[in-house]
Structures are given as structure tokens and as C-alpha cells.
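[1] give me coordinates for this.
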Amino acid sequence: MRRREFIVQGFAASASLLGVISPGLGQDVPIDVIVVGAGLAGLACAKRLMNAGKKVVVLEARQRTGGRIWTSRQLGYPIELGASWLHGINNNALFPLATRQAYLRTVPTNYEDMVTFGPDGLPWSLSRTKRAGSWIERFVNSAERSGRSGTPLSRLVPAGVTPDQSFELIADVVHEVGAELNQIAAGYPQGDGRDLKGADVLVPAGLDELVRYLSSGVDVRFGQDVRLIKNAQKGVSVTTLAGVVYKAKKICCTVPLGVLQASKIRFDPPLPAAKSMAIKRLGMGLLDKLILQFPFSFWDPKQLIRNDSVNPGLWAEWYNLMPVIGRPVLMGFNAASTAKQVARLPDVAIVASALAELKRCYPSKTIPAPSGYLLTRWGDDPYALGSYSYIPVGAAPSYRVELGRPWNSMVFAGEAISSDFPATLQGAYGSGDEAAKKILAMGI
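    Alright, predicted model coming up:
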């Protein structure tokens, strides 16, 4: 959560693919552009191309749109299991779309409205909170100004760092980036970019309502697990796991970085060395959630409850959803290696560990058994394999730029391609829109 301003040549050069869906689907519809992935990047790309009069088909492996936006209604009301916030609404293109076109209400997050419990279970004083907050602000700003890509952020942590400062590093950096300090490259914006301006807001009705608005009129084909992309200068073909073949003139691939890193999709001809290197060197962070629904609230009436556990990093942050949805619900977070360890546990053990930490923070309170829960394992999701991208040691933002360059008839898009707003919804949306412009400039 943010607090800071937070493919062997497959075709001969003369060959041309006609842009049709294979007869296996019983159709013969010309396609100008195939978009792989129906997350925000894919939908933004499709919309701009459609507005330019192009025939677009979006292939989505899941049975839903949204990608890493995943709004669950299993508890009877909207809960975000993926992306939650619209960050920096003053220069976020999605904010006016959400509020003025989709007519969605938003609720701002005040990151200063918080309580932090120390290892002794006692709440921090206001002055202690301010001292720790000022220190992490100075540390991150200094690292971003003077750090180098080959230097892990952990090396810049001063000797003699206090326990409170160590907790701030977990809560404000590890949780924001989704990676450990020794994995993160110093010298670059830690998390979602330098240029975010304005508040962060939640959408009580569910971010899937924004996705529904953006996907209106878009031809999305669900259950289309793309495994092969043949990319020639005069056309493309896509083959799914089921063996269905789609053909078009151009393609935009918006699958998450984690999926690209796992080589789930084969490219023919193989990707150029520079793009393969960019995919390999960029990092995929991890942030998992646990949603606990209770019969009644027992916690402080603060937006954010922070837990400096005796087990560092375990359930370090809880967001109080009561002011947002009017129900006694807490949303807990684990990041990086802690998230990986917790994800290996069975559900019952995960819930038990969370309740134990909450009991440590509120020893005199009666904590009822949850009346419902939801949890995520984004690292195990085959269509995500992580939460969002970051710059690891030895990498640089130039890798994002390289991924975004057109190659033959293909363009990549997604939050990992965004240089200004990586790891955010507006980064994904903006990269998809830019990809559509690049495709139009290539000529169809």
C-alpha cells in the first residue's frame, strides 16, 4: 500500500496471414488485431483500436475479465482480492473514467489514520509513529536519489537501525514492492512510480464494475489459454492449449510478467535477445491477502492497523474495511518471502496465524471466530504467477521500455511495461492505450 507521493522464422517474409478465426470455431470473421489478455491493458488496447474502426478479438484464459483485478462477491458484497486502489487520482486516467463515466463512488484512504502495535503488543505513541515515518521517508528518498541498479536496497540500510525502523522497511518498502530488501535495486522508485499525485481511493461497488464498463462492446473470448504466438512482419497466428488457431494482422500481448518468465507462451520466431533479457531480469513481486469477516468489530476505528510482530513481516498490515463497506471486515497482507511461506499452509492454518496476531494486538478483546474468509495465493495463480513487477538488483527501467518496443507484428503491454506507473492499474491501462497507438502507427 502506498503512503508516499506511493519466436525460428515461422513465416517467409512474403507470406501473409489473412486475419481469420480458424474454421474450428465454425466462423470466418476477419480480424485486424488479436489482444491476449482481458485485463486493463488488454481492454484499453482493444477499445482504442475499436474506436479507430478495427476488428479486435480479445483472448482471455480465465472465465472472467479483469486479470489481476479480481472482485469477489462470495461473502455477499464486493471484496477486492487483487488490485484494490486507484492510486494518485490527480493524474490517474482511470479516476475520471470510474467517477464521471462509470459513475462509481470512491472512498479516499488516509494512511495517517493508523495504529501500530509493537512486538510487546502495545500501540505506538503518535510521536513514535511520526519519528519512524519521517525516517523511512528520508531513507527511501535518499536511496532513490543516490542508489545504483547493482546495489541491493538492503546494503543502504544504516548500521544500528532501530526495531521501529526495521518495521517501517517491511511495511513501507517490502509490502509496497512485494520483494525483500536484498532483491530490490536501489536508485529507482520503490513501487508504483515517482509521479503519483493526489489521494489513493477504493471503489466500494467493486473494481469489476469499472472493468465491466471498460469491456462493454469488446469481443472477449474466455477460456482461450494462448500457448503459441507466431509473429511475422505481415501477420500473426495464435494457438491455444485446446488447439484453436486465430489469425490476424497484428497482436498485442498483455499477459503478466510472471507468465512470460515461466515461458507459458512460446514465441515463433523466438523473442529477440533484448526482450528475453528484459523479461528475465525484471522482477515479479508478491502480495497476498486474507479477508476476515467477523460478527462484530473489536479493533481500533482506524483505517490502517499495523502489526510489528515478533515474527517480522507476518500480517504486518491490516486494512479496516468497515468505513468502506459498512461491514466488520479486515483485509490482511503478507508480502515477498513471508507471503510465499504462508501460501504453502492450508487455509485453516493461515486463518489461525492471522487470528493469533490479532489476539496479540488486542489481548483484552473478545475476538470471535470469523464468520467468513477469503484468501489469495497469487504466486500459484497460473495466469499471474505473482502480483506486480519491480526493478530487482541488476535491472533498470530501460527493460520496461525495451519490452514496449514493437517487434514484427507484435506489441507487449501491461503494468510491467509502464515506466511512469508500474505496478498500478493506471500503468496497465496506459500501456494498453499506448500499445494500440503503436499498432495503428505500424499500419493495419
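[2] bridged to the spatially most central residue of the chain, which residues?
    Residue closest to the average C-alpha location in the chain (C-alpha atoms, centre = their mean): Tyr388, at 4.0 Å. Beta-bridge partners for Tyr388, by DSSP bridges, are Gly285.
[3] for it, give me its contacts.
    Counting by C-beta atoms under 8 Å, 6 or more residues apart in numbering, Tyr388 touches 68, 178, 284-285, 287, 415-416, 422-424. Bear in mind the C-beta positions are built from the backbone N, C-alpha and C, glycine included.
[4] what do you get if the cut-off is 6 Å, keeping everything else the same?
    With contact set as C-beta atoms under 6 Å, 6 or more residues apart in numbering, Tyr388 has these partners: 285, 415, 423.
[5] any idea which of those has the most stuff around it?
    Most neighbours among the contacts of Tyr388, by other C-beta atoms under 10 Å: Glu415, with 30 neighbours.
[6] what's near enough to touch that residue?
    Here Glu415 is in contact with 388, 422-423, 427-428 (criterion: C-beta under 6 Å, 6+ apart).
[7] which among these gets closest to Val329?
    Set against Val329, the nearest of these by C-beta to C-beta is Tyr388 (23.3 Å).
[8] mind listing residues that contact the helix-or-strand element of the chain with minimal mean pLDDT?
    When the helices and strands of the chain are compared on mean pLDDT, DSSP states H and E, helix 126-146 comes out lowest with a mean of 94. By C-beta under 6 Å, 6+ apart, the surrounding residues in contact with helix 126-146 are 116, 153, 156, 164-165, 168, 172, 186, 190.
[9] at 7 Å instead, please
    4, 116, 153, 156, 164-165, 168-169, 172-173, 186-190 (C-beta atoms under 7 Å, 6 or more residues apart in numbering).
[10] Arg327: which of the contacts of Tyr388 is nearest?
    Looking across those and measuring by C-beta to C-beta, the closest to Arg327 is Ala423, at 28.1 Å.
[11] does that closest one sit in a helix, a strand or a coil?
    Secondary structure, DSSP: H, G, I helix; E, B strand; the rest coil: Ala423 is coil.
[12] that one contacts Ser389, doesn't it?
    Yes: between Ala423 and Ser389 a contact is recorded at 5.9 Å, counting by C-beta atoms under 7 Å.
[13] report the residue spans of this protein with pLDDT below the cut-off.
    1-28, 189-194 (pLDDT under 70).
[14] verify the stated contact: Val310 with Pro119.
    Yes: checked against C-beta under 7 Å, the pair Val310 and Pro119 is within contact range at 5.0 Å.
[15] between those two, tell me which one has more neighbours.
    A direct count of neighbours by other C-beta under 10 Å for Val310 and Pro119 places Pro119 higher, at 14 against 11.
[16] Glu357 versus that one, what's the distance?
    Pro119 is 11 Å from Glu357, where distance means C-beta to C-beta, to the nearest Å.
[17] between these two, which contacts overlap?
    With C-beta under 7 Å, 6+ apart as the test, Pro119 and Glu357 both reach Ser309.
[18] please identify the buried residues of stretch 113-130?
    Buried residues in stretch 113-130, counted by 16 or more other C-beta atoms under 10 Å: 114-118, 121, 123-124, 129.
[19] oh, that last question was meant for stretch 135-147, not what I typed.
    135-136, 139-140, 143-144, 147.
[20] ok, now stretch 425-437?
    Neighbour-count burial for stretch 425-437 [16+ other C-beta under 10 Å]: 425-436.
[21] turn those residues into CSV, columns for distance to Asn320 and secondary structure.
    Output for the buried residues of stretch 425-437, formatted as CSV (distance: C-beta to C-beta, whole Å; DSSP: H, G, I helix; E, B strand; the rest coil):
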residue, distance to Asn320, secondary structure
Leu425, 22, helix
Gln426, 25, helix
Gly427, 27, helix
Ala428, 27, helix
Tyr429, 28, helix
Gly430, 31, helix
Ser431, 32, helix
Gly432, 33, helix
Asp433, 34, helix
Glu434, 37, helix
Ala435, 38, helix
Ala436, 39, helix
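[22] now, which of the residues you listed sits nearest Ala83?
    Distances from Ala83 to the buried residues of stretch 425-437, taken by C-beta to C-beta, are shortest for Leu425, at 5.4 Å.
[23] tell me how far that closest one lies from Gln165.
    31 Å.
[24] likewise for Leu75?
    Taken as C-beta to C-beta, the span from Leu75 to Gln165 is 37 Å.
[25] cool, Lys55 as well?
    From Lys55 to Gln165 the distance is 56 Å (C-beta to C-beta).
[26] next: Leu355.
    In terms of C-beta to C-beta, Leu355 sits 28 Å off from Gln165.
[27] just Ser309 next, same as before
    For Ser309 relative to Gln165 (C-beta to C-beta), the value is 16 Å.
[28] okay, those two: which has more neighbours?
    Set side by side, Ser309 and Gln165 show more neighbours around Ser309, with 22 against 16, by other C-beta under 10 Å.
[29] which non-adjacent residue is nearest the more buried one?
    Spatial nearest neighbour of Ser309, excluding adjacent residues (C-beta to C-beta, 6 or more residues apart in numbering): Glu357 at 5.7 Å.
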